[in-house]
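Enquirer: Any chance you can model this:
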Amino acid sequence: MTWQLASFTLLALALAGGFAWYERTHPSSKVLALVATLAALAALGRVAFAPFPNVKPITDIVLLSGFALGGAPGFAVGAISGLASNLVFGQGPWTPWQMGAWGLIGVLGAALGTATGRRLGRVPLAIACGAAGLLFGAILDFSTWVTFSGTHTLGGYLVFSGSSLAFNIAHAVGNVVFCLAFGPAFVRALMRFRERFEVRWEPVVAAVAAGFVLAALPAGAQAATPSAYVVSAQNRDGGFGADKGQRSSQLYSAWAAMGLAAAGRHDGRVARYLASGARGMRDVGDIERTILALVAQRSSPRQGGLVTRLLRAHRRDGSWEGLVNRTAFGVLALRAAR
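Expert: Numbers count the residues shown, from 1 in each chain. Got it, this is the predicted structure:
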């Protein structure tokens, strides 16, 4: 009884912490809709493959969601899909464990995405999905051992694990097959959605729009409103938000820095702000944009390993991420960094 109470308490705290983490990220309505859709897809995938014992695409969908979207959305997709699918398979003491296990897999998928810059081939991604299936099985074996075993010994746990070994192997093999079939395409689709989430349209008076305007004006006209507005919107940390008083971001700061440079203004503060976030950048588009902004502000584009990271992301087919726009900006960034 003590083992059960302790384990369920830790599990409840983990689930509560995960959902609190998700809530603290203040997801937009678009993110909420995508998370709900992915959770429904994962639950439906589990139900659709019910005739095949333990061969389900749900684990792949959860891990790949975390891989592309991040830890908080990955956790939410995993935990919600476990709860929702058990409306068909039946709720019980195993439900919180399944929610926690799939939520953990979503978080691990996010960690894998961060560690690899979200660039992982089909086979390594499939191996990761297979390993996730084995991890899920080990956690569920532990839950069965805690909940239904009278004597909590290592030998007892090994007995439970041995009895479910065939099912766990089937889960892992199924995950590998599913990922080989749709994994990379699924990740690409989610990455396109993610890029759209990170773009927000602002009124024309926003700092970033003013940066574009001043870059297009003749040299004699740039002493007036646009450049002065951009300068007035600069925050104390040297960065720029979407409008005056808004929190600085690398996105708006980079575009504002290029607009200011086009007007002949060079500010070491915005260059330092951009450089401060360089080391943590993994998205190719962020790296390309930051290199261009640093060069425009007469600052070294090699800070934080930006150029090295961009070169590593260059594919054998000559592209960056198989996208024309990313490849075009990659060429511009490397040319500017020479």
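Enquirer: What's the separation between Gly156 and Leu140?
Expert: Going from Gly156 to Leu140 by C-beta to C-beta, to the nearest Å gives 15 Å. No exception for glycine: its C-beta is placed from N, CA and C like everyone else's.
Enquirer: Tell me which of the two has more neighbours.
Expert: Leu140 (20 against 14; other C-beta atoms under 10 Å).
Enquirer: Quick one: name whatever helix or strand follows the helix or strand encompassing the more buried one.
Expert: Using DSSP states H and E, Leu140 maps to helix 122-148. Elements were assigned by DSSP H and E; along the chain past helix 122-148, the next helix or strand is helix 154-163.
Enquirer: coming back round to it: which helices and strands does the helix holding Leu140 pack with?
Expert: The helices and strands touching helix 122-148, judged by 3 or more C-beta pairs under 8 Å, 6 or more residues apart in numbering; DSSP states H and E, are helix 2-24, helix 58-69, helix 94-116, helix 154-163, helix 165-197.
Enquirer: Show me which residues of the fourth one are buried.
Expert: Right, the one you point to is helix 154-163. Along helix 154-163, these residues count as buried under the neighbour rule (16 or more other C-beta atoms under 10 Å): Tyr157, Phe160, Ser161.
Enquirer: what angle do that helix and helix 122-148 make?
Expert: If you take axes from the mean of the first three to the mean of the last three C-alpha atoms, to 10 degrees, helix 154-163 sits at 130 degrees to helix 122-148.
Enquirer: Start at 222, not 1
Expert: New numbering, starting at 222: the last item is helix 375-384.
Enquirer: what angle separates helix 375-384 from helix 386-418?
Expert: Taking the same axes, to 10 degrees, one finds helix 375-384 and helix 386-418 inclined to each other by 80 degrees.
Enquirer: Now do helix 375-384: which elements does it pack against?
Expert: When contacts are defined as 3+ C-beta pairs under 8 Å, 6+ apart, helix 375-384 sits against helix 343-369.
Enquirer: Show me how far the helix it packs on is from its chain's centre.
Expert: 21 Å (C-alpha atoms, centre = their mean, to the nearest Å).
Enquirer: ok, Trp323 touching Leu304?
Expert: No: Trp323 lies out of contact with Leu304 (C-beta atoms under 8 Å); the separation is 9.6 Å.
Enquirer: Neighbour count: the two, which is higher?
Expert: Using other C-beta under 10 Å as the criterion, Trp323 and Leu304 rank with Trp323 on top: 32 against 18.
Enquirer: Quick one, grab the pLDDT at the more buried one.
Expert: Note for Trp323: predicted pLDDT of 92.
Enquirer: where's it relative to Asp458, distance?
Expert: When Trp323 is compared with Asp458 (using C-beta to C-beta), they lie 38 Å apart.
Enquirer: Same question for Val252.
Expert: 26 Å.
Enquirer: Of the two, which one has the most company?
Expert: Val252 (20 against 14).
Enquirer: which helices and strands sit right next to the helix or strand the more buried one falls within?
Expert: Assigned by DSSP H and E, Val252 belongs to helix 250-269. Under the contact criterion of 3+ C-beta pairs under 8 Å, 6+ apart, helix 250-269 touches helix 279-290, helix 292-310, helix 386-418.
Enquirer: Report pLDDT for the nearest residue to Ala305 once chain neighbours are set aside.
Expert: Using C-beta to C-beta, 6 or more residues apart in numbering and skipping the chain neighbours, the partner closest in space to Ala305 is Ala264 (4.2 Å). In this model, Ala264 is scored at 92, pLDDT.
Enquirer: Just list the residues touching Ala264, thanks.
Expert: Ala264 makes contact with Ile279, Ser302, Ala305, Ser306, Val309 under the criterion C-beta atoms under 8 Å, 6 or more residues apart in numbering.
Enquirer: Relative to Ala271, how far out is the last one?
Expert: Which is Val309. 8 Å.
Enquirer: Tell me how many other residues crowd the nearest residue to Ala514 once chain neighbours are set aside.
Expert: Nearest non-adjacent residue to Ala514, counting by C-beta to C-beta, 6+ apart: Ala475, 3.8 Å away. Other residues within reach of Ala475, judged by other C-beta under 10 Å, total 28.
Enquirer: Test my guess that Ala475 contacts Gly498.
Expert: No: the pair Ala475 / Gly498 is not scored as a contact, 9.8 Å apart, by C-beta under 8 Å.
Enquirer: quick one: common contacting residues for these two?
Expert: Joint contacts of Ala475 and Gly498 (C-beta under 8 Å, 6+ apart) are Thr511.
Enquirer: Now Leu515: closest residue in space that isn't a chain neighbour?
Expert: Counting by C-beta to C-beta, 6+ apart, Leu515 lies nearest to Pro522, which is 4.6 Å off, once chain neighbours are set aside.
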